[in-house]
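*Asks:* Sequence first, then the predicted structure, then my questions.
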Amino acid sequence: MATLMEHASEKEIKQQQNIHNDEEIEIDLMDLLRKVISIREKIYKAAGIGLVIGVIIAISIPKQYTVEVTLSPEMGSAKGGGLSGLAASFLGSDVSMGDGTDALNASLSADIVSSTPFLLELFTMKIPVSKNEVMTLETYLDEESSPWWSYVIGFPGMVIGGVNSLFTEEDEITSFGKANQGTIELSKMESMKIEILKKMITASVDKKTSMTSVTATFQDPKVAAVVADSVVKKLQEYIIDYRTFKAKEDCLYLEKLFKERQQEYYEAQKKYADYMDSHDNIILQSVRTEQERLQNDVSLAYQVYSQVASQLQIARAKVQEEKPVFAVVEPAVVPLYPSGTSRKLYVLAFVFLSVCFVVLWNLFGKNLLNKFKEVCA
């Protein structure tokens, strides 16, 4: 019985402690609520200041429009079939034109789009700014606006650069990145624009489906659509040129070889005909021996000529076979609404941050600052 009484008393004590703690929490919350209500005027002022700052920031940030183009590239298949295989079987040739793996595939589209040579080629593309005005992409980049604080932040660098330019002479590099022994030399302005384009134009590849997405973000919706469409076309041309380069080189080499073997065959044929005309009705063993030799030369020249002709037909078919097929799933569409963070969110975010700062400062910040001063003193 004594133990039961002790357990009951312990439970009552714990319940009383829990009730006491709950009351303290309620009292603390009520106290905090009273403090917040007491500084409501400061909260209203902070909300107003945050609203003004948010509106200024939202208006200062220029609108951005994003266009995304999705395409599905067919980057080659088994080389045993196709036009070259059909030509080989039709011509009765067992010659293969180098069944190797591709050094360029769909996964490299993102690297190609962000490469310096690719972006330099985009500098000269024409941008229709208005009905009667057309400018290059390089010139258009100078027309895009920036937030006012970017000029404030960059002002010291501009001053330092201007002072340095008075004491140093710099050869301005023109012609959009002068190539020198396999290297590309850019001016400072061109290098800055290349970095800007790398942020504005991006490409990504889905490893599961091999779908390539190209996005272009500019302040003008029509410019974004035109640039995105041009980037996709240039990317297709770049990959097609690479994929068909070796096949075209093989085709040119075989055309040259075909003409040489054809000329050798015609010359051997002419020698045989001239010899037969000049030694007609002459029955000598030496004449027959020379006749057989010339006839063998003609047969051998024709055999080589025929084989080269077959290889040339296969090579011509392979050029077409090597061209990849691109299916544009989602074309470039001029966007109606800007992308990125909404201006309303900027305003609400600054109002919220301003109110939180004032509340936290008055509830906890002042006390912490006073304690810190006391400790330092």
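*Replies:* On my side now, so go ahead.

*Asks:* Below-threshold pLDDT in the stretch 101-250 of the chain: ranges please.
*Replies:* Within the stretch 101-250 of the chain, the ranges that satisfy pLDDT under 70 run 101-107, 146-182.

*Asks:* just the helices in it please.
*Replies:* Remark: helices assigned in the stretch 101-250 of the chain by DSSP state H, counting those that start in this stretch are 109-113, 116-122, 137-143, 148-167, 188-200, 221-278.

*Asks:* Also the stretch 251-377 of the chain?
*Replies:* 285-321, 343-360, 366-376.

*Asks:* Looking at the helices of the stretch 101-250 of the chain, spot the one closest to Ala301.
*Replies:* For these, the distance to Ala301 is smallest for helix 221-278, at 4.1 Å, taking C-beta to C-beta. All C-beta atoms are positioned from the backbone trio N, CA, C, and that covers glycine.

*Asks:* Report the contact partners of Tyr275.
*Replies:* Glu290, Gln291, Leu294 (C-beta atoms under 8 Å, 6 or more residues apart in numbering).

*Asks:* is it true that the second one touches Asp277?
*Replies:* No. Under the criterion of C-beta atoms under 8 Å, Gln291 makes no contact with Asp277, lying 11.7 Å away.

*Asks:* Looking at these two, which one has more neighbours?
*Replies:* Gln291 (16 against 8; other C-beta atoms under 10 Å).

*Asks:* Look at the residue lying closest to Glu138 once chain neighbours are set aside and say how many residues are nearby.
*Replies:* Of all residues not flanking Glu138 in the chain, Phe123 sits nearest, at 4.2 Å (C-beta to C-beta, 6 or more residues apart in numbering). Neighbourhood size, Phe123 [other C-beta under 10 Å]: 17.

*Asks:* Now for Phe123: which residues touch it?
*Replies:* Thr136, Leu137, Glu138, Phe176, Glu190, Lys193.

*Asks:* make it 10 Å
*Replies:* Going by C-beta atoms under 10 Å, 6 or more residues apart in numbering, Phe123 touches Thr136, Leu137, Glu138, Thr139, Leu141, Phe176, Gly177, Glu190, Lys193, Ile194, Leu197.

*Asks:* What's the separation between it and Thr116?
*Replies:* Look at Phe123 and Thr116: by C-beta to C-beta, to the nearest Å, they are 11 Å apart.

*Asks:* from the contacts of Tyr275, which is closest to Leu51?
*Replies:* Leu294 (101.9 Å).

*Asks:* List the residues that contact the closest one.
*Replies:* For Leu294, the contacting residues are Ala268, Gln269, Lys271, Tyr272, Ala273, Asp274, Tyr275, Met276, by C-beta under 10 Å, 6+ apart.

*Asks:* Buried only: go through these for me.
*Replies:* For the contacts of Leu294, a burial check counting by 16 or more other C-beta atoms under 10 Å picks out Ala268, Tyr272, Tyr275.

*Asks:* Minimum pLDDT in those residues, which residue is that?
*Replies:* In terms of pLDDT, Tyr275 ranks lowest among these, with 79.

*Asks:* any idea how far that residue is from Gln285?
*Replies:* 15 Å.

*Asks:* Likewise for Asp277?
*Replies:* 20 Å.

*Asks:* show me where the stretch 1-150 of the chain has strands.
*Replies:* Using DSSP state E, counting those that start in this stretch, the strands assigned to the stretch 1-150 of the chain run over residues 65-74, 126-128, 134-136.

*Asks:* what about the first one, distance to the chain center?
*Replies:* Strand 65-74 has its C-alpha centroid displaced from the chain centroid by 11 Å (C-alpha atoms, centre = their mean, to the nearest Å).
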